[in-house]
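Enquirer: Whatever this is, show me its structure:
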Amino acid sequence: MATDIVIPKIGMTMVEATIVTWLVPDGQEVAAGTPALTIETEKSEVEVEAPATGVVQHGAGAGETLPAGAVIGRIAEPGERQETGDLGRPPLAAGGDGAAAVGSRVLASPNARRVARELGVDLAAVRGSGPGGGW
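Expert: Residues are numbered from 1 along each chain as shown. Now for the predicted structure:
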């Protein structure tokens, strides 16, 4: 079974990261623990290690900025058929689906609410990447 490669949450204040470069080309085999890509956060540049041994499949490219926890690739076990297309990344905006809500309350962290307010984004109109679509 394939293993997701995700943007790791580095520190309490990290919200998103930008993929700087993939160190392992798409379709190449990698060993668990080997640096697979470099990401840049607001505070630092970090190498992300492969979480498993297998064949790397990129799902996001250099220059893309994604939230912590976003799926950016997969590692297929040797001999496993690779998937094509979207790797199941949650959409950043899913017009109409809306964010996860309890009653009329949108599930969002205080930081997500603050950033949305600063950017003029209606969180009820955007699907989050957290459990159940929350922010």
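Enquirer: the strands in the chain, which residues?
Expert: Under the criterion DSSP state E, the chain contains strands at 3-6, 16-22, 29-30, 35-40, 45-49, 54-58, 65-67, 71-76, 101-102, 105-106.
Enquirer: and Ile39, what does it touch?
Expert: Contact partners of Ile39, counting by CB atoms under 8 Å, 6 or more residues apart in numbering, are 7-8, 17-20, 45-46, 48. For glycine as for every other residue, the C-beta is placed from the backbone atoms N, C-alpha and C.
Enquirer: Just give me the neighbour total for the closest residue to it other than its chain neighbours.
Expert: Distances taken as CB to CB, 6 or more residues apart in numbering put Ala17 closest to Ile39, at 4.2 Å, once the chain neighbours are dropped. If you count neighbours by other CB atoms under 10 Å, Ala17 ends up with 26.
Enquirer: ok, now Glu45?
Expert: Using other CB under 10 Å, Glu45 has 11 neighbouring residues.
Enquirer: and if you look at Ala50?
Expert: There are 22 residues near Ala50, going by other CB under 10 Å.
Enquirer: Give the buried residues for stretch 4-20.
Expert: 4-7, 10, 14, 16-19 (16 or more other CB atoms under 10 Å).
Enquirer: Could you do stretch 16-34 as well?
Expert: Quick answer for stretch 16-34 (16+ other CB under 10 Å): 16-19, 22-24, 30.
Enquirer: measure that stretch end to end?
Expert: Start-to-end span of stretch 16-34 (CA to CA, to the nearest Å) is 22 Å.
Enquirer: All further residue positions should be reported with the first residue as 3.
Expert: Happy to do that; since the first residue is 3 now, the last one works out to stretch 18-36.
Enquirer: Measure how far it is from the centre of its chain, please.
Expert: Stretch 18-36 sits 13 Å away from the centroid of its parent chain (CA atoms, centre = their mean, to the nearest Å).
Enquirer: Also stretch 120-130?
Expert: The answer for stretch 120-130 is 18 Å, by CA atoms, centre = their mean.
Enquirer: I'd like the average pLDDT over it.
Expert: The predicted model assigns stretch 120-130 a mean pLDDT of 78.
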